[in-house]
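J.: structure for the following, please:
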Amino acid sequence: MRRTLPFPSLDPFLLCLIATVAVATLVPARGAAVPALALATEFAIALLFFLHGAKLSREAVVQGIGNWRLHALVLASTYVLFPIIGLAITGIESGWANPQFASGLLFLSLLPSTVQSSIAFTAMARGNVAAAVCSASLSNLLGIVATPLLLTLFGHLGSGHGAHGAGASWGAIRTIVVQLLLPFIAGHALRPLIGGFVQRNKAILQPVDRSSILLVVYTAFSAAVVAGIWHHIDMADMAVLLANCAVMLALVIGVNVAVARMAKLPRADAIVLLFCGSKKSLVSGVPMAGALFPAAQVGQIVLPLMLFHQLQLFVCAILAGRLAQDGEEEAPAVAAAIPVGAAGAMAAAAAHGLAIPAACMPGVVANLALLAHHAEVFRGDAQGGRS
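T.: All right, here's what the predicted structure looks like:
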């Protein structure tokens, strides 16, 4: 019996982000509170990336790292395809769209992929989870350096289309290294000592992650509100921005599906490319924006990312549900096609014009039984995952 697709709900964290923006709009930080808040934000960002480094599983990365062709396609989607689309959109809309968002769209296109949601959707769609862990982790690790470098390179191109201030200075890149990369490396180096504690206390440490992001968002929008952000943006601008995010996501998903078919990727790997190659990380993007852009600009820079974040979760939830249903329908057909016993093996061989030597028959029967067992386990795990 065919199940109905789950309708994705609004991400609760997005509601927290919206509430934070509202608070910053009504009660922005001013005066003596600004330096203290900036110092607290820097500490929170460093702690956030320290914990990310401690959570990175070397074993999972090693397990999936051999699939180099898949990882290259994911990285190409993240750091080549997305930037091309970002530059194209800002170029096409130059002169009539709100220039306040051009830098934000370009910055969005240069960010690394997500980790948690990419892995979760890959698992839900029955993809290659080990490869997803490796691709998403590699994307985030490279993004700490790649995003500011690409922003320095492409920001000058974007500035010709209204993306003012898009270029990253070398001072900002040094800030990224000190505030993000070094804490990440330190956390990963200490993983043998603290990794177990981090894994056992995910539920306790998750608020640290999210509180850090909310603090950065409050700081950013406080400065933006003081600078008059809401005097330059109206609902029409927001509608255009949402449309831009939707076009970007649709193009990336369409290209990745086509590339997976042309490359003849196995279904499990095509799912990894679909989900890891179409996402952008809010967790990495918000702190990077705080380090790469002036405080008064950060609010408008992260606004496209916040919209894209919810849109990607909404669309990918639908796609993952659809793929999970397709996998459910394919599994019984695969299991049913496996011959059973010596008679089944002989009939299947005869259908293809082959003969099985008598000496080989016990081994053939044993291998078929093992294959049927693995198919049954796969179906059982899939049904258990949906219960």
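J.: any stretches of the stretch 201-350 of the chain with poor pLDDT?
T.: 204, 327-350 (pLDDT under 70).
J.: switch the cut-off to 90
T.: 201-241, 281-303, 306-307, 309-311, 313-350 (pLDDT under 90).
J.: right, and the helix or strand after the host helix or strand of Pro183?
T.: Using DSSP states H and E, Pro183 sits within helix 182-189. Following helix 182-189 in sequence order, the next helix or strand is helix 191-200 (DSSP H and E).
J.: do me a favour and average the pLDDT over that next one.
T.: The average of the pLDDT scores along helix 191-200 is 82.
J.: neighbouring contacts of the helix holding Pro183?
T.: For helix 182-189, the external contacting residues (Cβ atoms under 8 Å, 6 or more residues apart in numbering) are 46-47, 49-56, 141, 144, 194. Just so you know, the C-beta spots here come from the backbone N, C-alpha and C atoms, and that holds for glycine as well.
J.: ok, stretch 224-243 next?
T.: Contacts for stretch 224-243 (Cβ under 8 Å, 6+ apart): 24-25, 28, 30, 93, 97-98, 100-101, 105, 221, 296-300, 303-304, 307, 311.
J.: which of the residues in it are buried?
T.: Going by neighbour count (16 or more other Cβ atoms under 10 Å), the buried part of stretch 224-243 is Ala224, Val225, Val226, Ala227, Ile229, Ile233, Leu241.
J.: relative to Leu111, which of these is nearest.
T.: Leu111 lies nearest to Leu241 out of the buried residues of stretch 224-243, by Cβ to Cβ, at 16.2 Å.
J.: quick check: that closest one vs Val298, distance?
T.: 16 Å (Cβ to Cβ, to the nearest Å).
J.: ok, now Met248?
T.: Counting by Cβ to Cβ, the gap from Met248 to Val298 is 21 Å.
J.: does Ile271 count as helix, strand or coil?
T.: Secondary structure state of Ile271, per DSSP: H, G, I helix; E, B strand; the rest coil, is helix.
J.: that one touches Arg126, doesn't it?
T.: Yes. Using Cβ atoms under 8 Å, Ile271 makes contact with Arg126 at a distance of 7.2 Å.
J.: and those two? Which one has more around it.
T.: Taking neighbours as other Cβ atoms under 10 Å, Ile271 and Arg126 compare with Ile271 leading, 28 against 22.
J.: give me every residue that touches that one.
T.: Thr122, Ala125, Arg126, Gly127, Asn128, Leu323.
J.: just give the nearest non-adjacent residue to the first one, would you?
T.: Read that as Thr122. Once flanking residues are discounted, Thr122 sits nearest to Ala132: 4.0 Å by Cβ to Cβ, 6 or more residues apart in numbering.
J.: what strand or helix carries that neighbour?
T.: helix 129-159.
J.: packing partners for that helix?
T.: On a contact count with 3 or more Cβ pairs under 8 Å, 6 or more residues apart in numbering; DSSP states H and E, helix 129-159 meets helix 58-64, helix 68-76, helix 82-92, helix 102-109, helix 116-124, helix 170-176, helix 267-276, helix 282-292.
J.: give me the number of residues near the residue nearest to Thr122?
T.: 30.
J.: mind starting the numbering at 197 from now?
T.: Sure, I'll start numbering at 197, so the last one becomes Ala328.
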